[in-house]
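# Provided below are the primary sequence and the corresponding predicted coordinates.
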Amino acid sequence: MGPLTFAALAAGLVASALTVVLHPNPVKSALALVVTLFLLAVVFVFLEAHMIAALQVIVYAGAIMVLFLFVIMLLNLQDDAAETRGSDRIALRAGAWLGGGVLAGELVTLFLRLPLAAPSAAPEGYGGAAVVARSLFTDYLLPFELTSILLLIAVVGAVVLAQRREA
Amino acid sequence: MVPTGWYLALSAVLFAIGTVGVLVRRNVIVIFMAIELMLNAVNLTFVALARQLGTVDGQVVVFFTMTVAASEAAVGLAIILAVFRNRATVNADELASLRW
Amino acid sequence: MWADAGIAAATSLVVLLLVLSLCFVLLWVERKGSALIQDRIGANRANIFGGILPFNLGIVNTMIADPIKMFTKEDVVPADADKLLHFLGPFLAVFPVLVIFAVVPFGDVLVIGGHSVDLQAAHLDVGILYVLAMSGLAVYGIVLGGWASNSRWALLGAIRGSAQMISYEIAMGLALIGTVMTFGTLDLQAIARAQGAHLWGVVPAWGVLYQPLGFLIFLIAGIAESKRVPFDIPEGESELTCGFFTEYSGSKQACFMLSDFAEIVVVSGLVTTLFFGAWQVPFLARDGWHFPGGLTLAMPHLAIVALQVASFILKVLLFCCLQILVRWSLPRYRYDQLMDLGWKRLLPLALVNVLVTGIVIVLAG
């Protein structure tokens, strides 16, 4: 994609990510995260990872975030109170922003200086379901089977944890 | 065609924003969302480098990351629900009874 | 490059107009069809030219008067409602439903002036995954619509609606796996083309012959996704006023209604594409008729394309009428019966379908 498209997508991503982190209302934060995930799926399409882009929308934006919204609405969370309580809080916040800024600055400088050659043309069918699935079921078969067990454990665990204890 | 370094830089910025979110916010659910943001930033790194190298191994790792994130979200939110039922709060400062 | 952009814009426009005009037609079919089934006349009061004409054009009611009424009504937002979310709800309900149709092929290639145009708005390799992704996004309209209304009926309808939608999404996705295994591709145009073959030279190889159980599960799950009777607990007109869109009026309610009818069209379109040969006419190939027995008739290219597009629209209309018929014949499912159907019956059936399809594919080679 051209630099202009990248700049637009990057601006949108950073703006929605900042909304997630800064907005006092949890519902608006969740919606901003949905926008972030959707824009990331768009970036994945530009990186020719079509199946991963579709999975990003199906799994992340379509299922996980719905779960988040459910929980926020079930708990009926209101806007977060202003978080200015005591001087240690202000010091923590200033330190966090400073540290985050330093981290971002360092990594960005490092990555922009990496001597990476321009990527060659993608092989035929790159990023499609067939190629990813072939790799998944041959080279990565063991992690795949372990992930299915992990999902089973997560389902059972979530049901047990969220049950109402009969008093 | 945008150089791969730009994608990595974007992912670094998203990761940093997520880190700041975890440190600054007090609402446990928003902290959780910031963690998801960090995971997604790393997914972007994997996909960009997979494209750089021309293999799909990076995309397979992203597949697994998504699955693990899904199970983690399910269990984490169930824990938050259980905690809310007992303490009626999701403010991390008030859920500090394990601190000395 | 401009030619490509122009072609893409033209096909997208055609698809959008197709869906919207089918929605309008369905509005009328619903009104008059339900009247027919219930042995009454239906809406027939709206008239043009102030009653000069001796007869009453029933279509005038629904296709002209209804939209005008909806768009000119006052837009009432509840006092404590969240303005931004109240505004976003209808948009998020309509958008994912309309864009699913971008991957549904409405014809084979059209060759005009040297350009070969594939009659499909977006040619994606992962078409079926895209369909599942967009139907997953449709939940947000319901959730936000109910939450932003700050009213208990709306919230109840929204919670039930979203739970129902995410339950039946799973059955829908699993039912499609059998189709993907049969045709070996996620691309909808490729699946449509593969259904042009003929079994034993006579029977068209439509998807329903390979995947009858998959078709049934997908149809039921699709009707449940669009929250139509018998799955309209979220709307629950006799229980919850209007369910999740109780507090919406005017053009916002028109958007929810539009999403309802558009989803009927989308489910019909997908069923047609995956199970009933999409635009395929039996014995019609790209160059003309090929009847069993050896008789071949050549036909001009434009006539073939027109015939195929017409066959697609006819099949879609057929399934839309089927859904409307189902709506006015069956009583509503209770909420626990609905969840029971989705999780305990459709889901295991879909898994059994995948298993049996796999066995048959391995045995048949």
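Sure thing, it's come through. Numbers count the residues shown, from 1 in each chain, chains lettered A, B, ... in the order given.

# Quick check: which ranges of the chain have low pLDDT?
Because you didn't say which chain, this covers chain A. For chain A, the stretches with pLDDT under 70 are A:81-88, A:166-167.

# look at chain B instead
For chain B, the ranges with pLDDT under 70 are B:100.

# and the spatially most central residue of chain C, what helix or strand is that in?
Note on chain C: the residue nearest the mean C-alpha position is residue C:266, at 1.8 Å, using CA atoms, centre = their mean. Element membership of residue C:266, judged by DSSP states H and E, is helix C:250-275.

# So residue C:249 versus residue C:87, what's the distance?
13 Å (CB to CB, to the nearest Å). Bear in mind the C-beta positions are built from the backbone N, C-alpha and C, glycine included.

# make that residue C:194, sorry
Using CB to CB, residue C:194 is found at 44 Å from residue C:87.

# on that earlier part again, let me see the mean pLDDT of the helix holding residue C:266.
Computed over helix C:250-275, the mean pLDDT rounds to 91.

# right, and the residue nearest to the centre of chain C touches residue C:100 too?
Yes: between residue C:266 and residue C:100 there is a contact under CB atoms under 8 Å: 5.0 Å.

# Now do the buried residues in the lengthiest helix in chain B.
Using DSSP state H to assign secondary structure, the helix with the most residues in chain B is helix B:57-87. Using 16 or more other CB atoms under 10 Å in any protein chain shown as the test for burial, helix B:57-87 gives B:58-64, B:66-67, B:69-82, B:84.

# Those residues also near chain A: which ones?
For chain A, the contacts drawn from those by CB under 8 Å from any CB of the partner chain are B:59-60, B:62-64, B:66-67, B:69-75, B:77-82, B:84.

# quick one, phi/psi of the closest residue to chain C within chain A?
In chain A, the residue that lies nearest chain C is residue A:62 (2.7 Å; CB to the nearest CB). Phi and psi for residue A:62, reported as degrees, to the nearest 10, are phi -100, psi -20.

# Same question for the one 4 residues further on.
Backbone dihedrals for residue A:66, given as degrees, to the nearest 10, come out at phi -60, psi -40.

# Next one: it relative to residue C:347, how far apart?
Applying CB to CB to residue A:66 and residue C:347 gives a distance of 18 Å.

# of the two, who's got more company?
Between residue A:66 and residue C:347, counted using other CB atoms under 10 Å in any protein chain shown, the more crowded position is residue A:66 (23 against 19).

# List the contacts of the residue lying closest to residue A:64 once chain neighbours are set aside.
With sequence-adjacent residues excluded and distances taken as CB to CB, 6 or more residues apart in numbering or on different chains, residue A:64 is closest to residue B:73, at 4.8 Å. Going by CB atoms under 8 Å, 6 or more residues apart in numbering or on different chains, residue B:73 touches A:64, A:67-68, B:32, B:36.

# Over to residue C:66?
Neighbouring residues of residue C:66 by CB under 8 Å, 6+ apart: residue C:27.

# Secondary structure element for it, which one?
Per DSSP H and E: helix C:66-72 holds residue C:66.

# mean confidence score for the next helix or strand after that helix?
For helix C:66-72, the following helix or strand on the C-terminal side (DSSP H and E) is helix C:83-100. For helix C:83-100, mean pLDDT is 89.

# got the contact list for stretch B:47-66?
Applying CB under 8 Å, 6+ apart, the external contacts of stretch B:47-66 come out as A:44, A:47-49, A:51-52, A:55-56, A:59-60, A:116, A:119-120, A:122-123, A:126-127, A:131-132, A:135-136, A:139-140, A:143, A:147, B:4, B:7-8, B:11, B:39, B:42-43, B:46.
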